[in-house]
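[1] mind folding the following:
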Amino acid sequence: MPLTLVSLSPNRFSSRFTAASAILDSGRWQPESVRQIDMINTPRIVAVIGAGSIGYRHLRNLEHLGIERLLVCEVDPERRARLQADHPRWKWFSELSDVFEEAPDAVIVASPSASHEEHTEAAIINDCAVFIEKPLSFQMGRLEKIAEQAIHSNLVSMVACNMRFHPGPATVHKLLNAGAIGELISYRLHTGSYLPQWRPHQDYRKSYSASIETGGAILDCIHELDLALWYAGPAELITAKHLPARPIGLETDGLAEILLQHDSDAIGSIHLNFIERDYRRSCVFIGSEGTLEWDFHRLEVKQYRSGPGEIITHRLPPDWQLNDMYVDEMRYFLNCVEGRQPTQNSIGQGLSCLKLALEVRGFRA
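    Numbers count the residues shown, from 1 in each chain. Presented below is the predicted three-dimensional model:
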């Protein structure tokens, strides 16, 4: 039978995340050290809805984490047949209702974002803990009621936020919380990449990312909006401007500039795009007593103080791999499910980020 979970204070974190924070606080942030933390009595049965690129990544990571039974719902018959041949131990389905007959303990929603609302609601109706890939949805729809239903049913929920499990942003977050640069005054986040290279096996023009209604850079690159709220707290949109992705032959939004003001009065500037030919991800934070700087391509966070030559370099693990943050994120979720702990980004909390993204999409300066 599915686990019965108890809803606790949203400010409490699971033991696994506490352990990760302790490693970070000690200056020994090592993903391998985090991954060695045992999960006791982990959920036995986990279902993944959607076996596309991110769903398949989660499936392999779940297998690595020792989940006894993996259920996979994939509606594309060609993809299902191809992956089933490679992974015969996973139990495959074409109908979602058949998945719930197996009584999974937890469900990973990795289907196209247009189906997230429906699949999340189905998981909660069937008393399953649920992890939803980003973006939570492309619309508000019934999500507020779904969030309330998850709380009422004492079910653990989590909206994907894998960049929080990257040692770079995690170090920045730790330093900001520790007051390393004094009062936060302003920051700049930038992410840019090239959509045609995201999924080389798929024609990007036929992907959900290309959809004017359900895709676009603002929703697909929502990580930076999530990080902004994680770093600096609640915010309101001051202004925004976005342009269509015409350089790659699409009419959906391909680039956005966003200006936020946080409750703390800090000003945030965010750039999102999926039309530039390289990959960039970086941030700069300006405080009353210093500056922080992180670049995805550098294994360090720089801390600049007021005096000349006062630069502290916070080294990140040299052996860190991209998949590490996905493994750590999934282990964290599974530990929250088993430990009956709320996650740091429940459906209710994820709604704040989605509302902001939808406001940016609809903003007319």
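
[2] would you map the helices across the stretch 51-200 of the chain?
    53-64, 77-86, 96-100, 116-125, 143-152, 167-177 (DSSP state H, counting those that start in this stretch).

[3] with Trp230 as the reference, name the closest of those helices.
    With Cβ to Cβ as the measure, helix 167-177 is the member of those nearest Trp230 (6.4 Å). Where you see a C-beta, it was placed from the backbone N, CA and C, and this is true even at glycine.

[4] from the contact counts, what lies against the closest one?
    Counting contacts by 3 or more Cβ pairs under 8 Å, 6 or more residues apart in numbering; DSSP states H and E, helix 167-177 packs against helix 15-25, helix 223-232, strand 275-287, strand 290-295, strand 300-305.

[5] gap between it and the chain center?
    16 Å (Cα atoms, centre = their mean, to the nearest Å).

[6] send the alpha carbons of it over as PDB?
    C-alpha atoms of helix 167-177 as PDB (Å, rounded to 0.1, in the frame of the first residue of the first chain):
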ATOM      1  CA  PRO A 167      27.500  23.100  -5.400                       C
ATOM      2  CA  GLY A 168      27.900  26.500  -7.000                       C
ATOM      3  CA  PRO A 169      24.400  27.900  -6.200                       C
ATOM      4  CA  ALA A 170      24.500  26.000  -2.900                       C
ATOM      5  CA  THR A 171      27.700  27.800  -1.900                       C
ATOM      6  CA  VAL A 172      26.200  31.200  -3.000                       C
ATOM      7  CA  HIS A 173      23.100  30.500  -0.900                       C
ATOM      8  CA  LYS A 174      25.100  29.500   2.100                       C
ATOM      9  CA  LEU A 175      27.300  32.600   1.900                       C
ATOM     10  CA  LEU A 176      24.300  34.900   1.500                       C
ATOM     11  CA  ASN A 177      22.500  33.400   4.500                       C
END
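
[7] list the buried residues for that helix?
    For helix 167-177, burial by neighbour count (16 or more other Cβ atoms under 10 Å) applies to 167-176.

[8] ok, now stretch 230-240?
    230-232, 235, 240.

[9] what lies in contact with it?
    161, 164, 169, 172-173, 176, 184, 187, 228-229, 256-264, 266-268, 285, 352, 356, 359-360, 363, 365 (Cβ atoms under 8 Å, 6 or more residues apart in numbering).

[10] now do it: distance from first to last residue.
    20 Å (Cα to Cα, to the nearest Å).

[11] would you list the helices and strands packed on helix 167-177 in CSV and tack on distance to Ala217 and mean pLDDT?
    As requested, the helices and strands packed on helix 167-177 are exported to CSV (distance: least, Cβ to Cβ, whole Å; pLDDT from 0 to 100):
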stretch, distance to Ala217, mean pLDDT
helix 15-25, 29, 36
helix 223-232, 10, 98
strand 275-287, 8, 97
strand 290-295, 20, 98
strand 300-305, 26, 96
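
[12] pick the most buried one from these.
    Ranked by mean neighbour count under mean count of other Cβ atoms under 10 Å, the helices and strands packed on helix 167-177 are led by helix 223-232, which reaches a mean of 23.

[13] out of the buried residues of helix 167-177, which one sits closest to Gln303?
    Leu175 (6.5 Å).

[14] which residue packs closest to the closest one, ignoring adjacent ones?
    Leu292 (5.9 Å; Cβ to Cβ, 6 or more residues apart in numbering).

[15] report the beta-bridge partners for the one you found.
    Phe285, Gln303 (DSSP bridges).

[16] ChimeraX command for the buried members of the contacts of stretch 230-240?
    A single ChimeraX command selects the buried members of the contacts of stretch 230-240 (16+ other Cβ under 10 Å):
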select :161,164,169,172,173,176,184,187,228,229,256,258,260,262,266,267,268,285,356,360,363
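
[17] among the contacts of stretch 230-240, name the ones in strands.
    184, 187, 256-262, 267-268, 285 (DSSP state E).

[18] looking at the buried residues of stretch 230-240, which is nearest Gln341?
    Closest to Gln341, out of all of the buried residues of stretch 230-240 and judged by Cβ to Cβ, is Trp230, at 18.1 Å.

[19] quick check: the gap between His201 and Ser53.
    For His201, the distance to Ser53 equals 8 Å [Cβ to Cβ, to the nearest Å].

[20] for this structure, give me the ranges with low pLDDT.
    1-42, 308-309, 364-365 (pLDDT under 70).
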